[in-house]
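Participant: Sequence and predicted structure are below.
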Amino acid sequence: MTNPMVSIVMPVYNRSDLIKASLESILHQTYPHWELWIVDDGSTDDTVEALHRLTRDPRVHVICAPHTGVAGARNTGLAQCTGTYLAFLDSDDLWPVDKLNTQVKFMMEEHALISVGYFIDRSDEHDPHPQLRTCPKTITLRGLLIDNCILFQTLMAHQSLKEELVFPSIRHEDYAVALNLVMKAIPIHVIPQVLAYRKRHAASLTANKWQSATWRYRIYRDIVKLSSVKATLYLFAYAWVSLTRPRGSA
């Protein structure tokens with residue numbers, strides 16, 4: 001297959017002020033063979049109106065669904081995907097223009113089922129301290145428990161793994177899926193290039209740290225089935241890695 005179709009899933013909730021940039025980063029892709037499933041998760045602002053205003057591209061499909069959370073919205077979009085490859089982008093994040101082209105070429109040449117790439121954390125495009133996040137060449141369960149280097153906005157998977165990508169109705173649902181993939185020994189190939197720009201929100205870095213740690217602990221216990229002692233040790237290891245990670249390295 002020379003030009004395989006890529007199905008993209010984008011959940012959105014009250015993002016009328018941010019959706020334009022994310023949508024344009026898809027519309028401007030150098031690889032044209034894609035379809036986009038945007039799932040509005042019961043927005044209460046003018047997000048849906050903004051979406052219809054911003055594009056009439058026939059490759060873009062908008063689904064309006066009741067509010068169930070990001071996992072439910074992603075799964076609704078995933079159910080519609082028929083492309084050879086599956087990709088994900090959140091409504092406040094961006095792709096470089098050659099993201100799909102780079103990844104499709106890699107997937108075909110390497111006969112890969114899943115690939116991920118590097119990404120950059122930043123508050124906006126003028127952030128003086130962006131943070132480059134990389135992945136080791138080989139992703140292991142132990143490494144992923146200590147430092148989650150997989151950003152789903154960089155992930156591309158073959159359609160045959162669609163059922164493996166269904167998101168559980170928990171917080172950090174994408175992390176849980178990544179861990180499940182590794183535990184099932186599905187090889188995750190790493191492309192050493194920046195494939196996404198993640199928007200860094202102040203609230204998520206400060207007020208929600210304790211809550212995030214609680215969610216992560218539950219994943220250690222419920223998904224990975226670690227003992228309470230091991231789960232606690234991995235949580236401390238994760239916190240240490242996060243605190244000591246160099247800033248402004250992009």
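Facilitator: Ah, there it is.
Participant: from here on, contacts and neighbour counts on C-alpha atoms
Facilitator: Will do.
Participant: buried set for the lengthiest strand in the chain?
Facilitator: Using DSSP state E, we find that the single longest strand of the chain is strand 189-199. For strand 189-199, burial by neighbour count (16 or more other Cα atoms under 10 Å) applies to 189, 190, 191, 194, 195, 196, 197, 198, 199.
Participant: center of this structure - which residue?
Facilitator: residue 152 (2.2 Å; Cα atoms, centre = their mean).
Participant: Make sure it is actually in contact with residue 93.
Facilitator: No: contact criterion Cα atoms under 8 Å: residue 152 and residue 93 do not qualify, at 10.9 Å.
Participant: any idea which helix or strand comes after the worst-scoring helix or strand of the chain on mean pLDDT?
Facilitator: Every helix and strand of the chain was ranked by mean pLDDT, DSSP states H and E. The lowest is helix 202-205, at a mean of 48. Later in the chain than helix 202-205, the nearest helix or strand by DSSP states H and E is helix 209-222.
Participant: on contacts alone, who are the packing partners of that following helix?
Facilitator: helix 228-244 (3 or more Cα pairs under 8 Å, 6 or more residues apart in numbering; DSSP states H and E).
Participant: Tell me what angle the helix it packs on forms with helix 209-222.
Facilitator: Orientation check (axes from the mean of the first three to the mean of the last three Cα atoms, to 10 degrees): helix 228-244 against helix 209-222 gives 140 degrees.
Participant: List of residues touching helix 228-244?
Facilitator: 145, 146, 147, 213, 216, 217, 220, 221 (Cα atoms under 8 Å, 6 or more residues apart in numbering).
Participant: Of those, keep whichever come out buried.
Facilitator: Applying 16+ other Cα under 10 Å to these flags 145, 146, 147, 216, 217, 220, 221 as buried.
Participant: nearest to residue 178, of those?
Facilitator: residue 145 (10.3 Å; Cα to Cα).
Participant: Do a quick rundown of the helices in this structure.
Facilitator: Secondary structure of the chain (DSSP state H): helices at 19-27, 47-54, 70-80, 99-110, 141-146, 173-183, 202-205, 209-222, 228-244.
Participant: rank these by pLDDT, which is bottom?
Facilitator: Among these, helix 202-205 carries the lowest mean pLDDT, at a mean of 48.
Participant: since we're on residue 160, how many residues are nearby?
Facilitator: Number of residues near residue 160 (other Cα atoms under 10 Å) recorded here: 11.
Participant: Name the nearest residue to residue 101, ignoring sequence neighbours.
Facilitator: Distances taken as Cα to Cα, 6 or more residues apart in numbering put residue 31 closest to residue 101, at 5.0 Å, once the chain neighbours are dropped.
Participant: got a list of what residue 35 touches?
Facilitator: Per Cα under 8 Å, 6+ apart, neighbours of residue 35: 5, 6, 7, 8, 59, 60, 61, 83.
Participant: Please indicate which of these are buried?
Facilitator: 5, 6, 7, 8, 60, 61, 83.
Participant: what's the distance between residue 214 and residue 65?
Facilitator: Residue 214 sits at a distance of 28 Å from residue 65 (criterion: Cα to Cα, to the nearest Å).
Participant: Next: residue 54.
Facilitator: Counting by Cα to Cα - residue 54 and residue 65 are separated by 20 Å.
Participant: Now do the same contact list for the residue nearest to the centre of the chain.
Facilitator: 87, 88, 89, 116, 174.
Participant: Now flag whichever of the contacts of residue 35 is closest to residue 73.
Facilitator: residue 8 (12.7 Å).
Participant: My understanding was that that closest one contacts residue 90; is that so?
Facilitator: No: using Cα under 8 Å, residue 8 is not in contact with residue 90; the gap is 10.2 Å.
Participant: Just give me the neighbour total for residue 66.
Facilitator: Neighbour tally, residue 66, other Cα under 10 Å: 12.
Participant: thought it was touching residue 42?
Facilitator: Yes: counting by Cα under 8 Å, residue 42 is a contact partner of residue 66 at 4.7 Å.
Participant: quick one: residue 100 from residue 16, how far?
Facilitator: Note on residue 100: its distance to residue 16, by Cα to Cα, is 25 Å.
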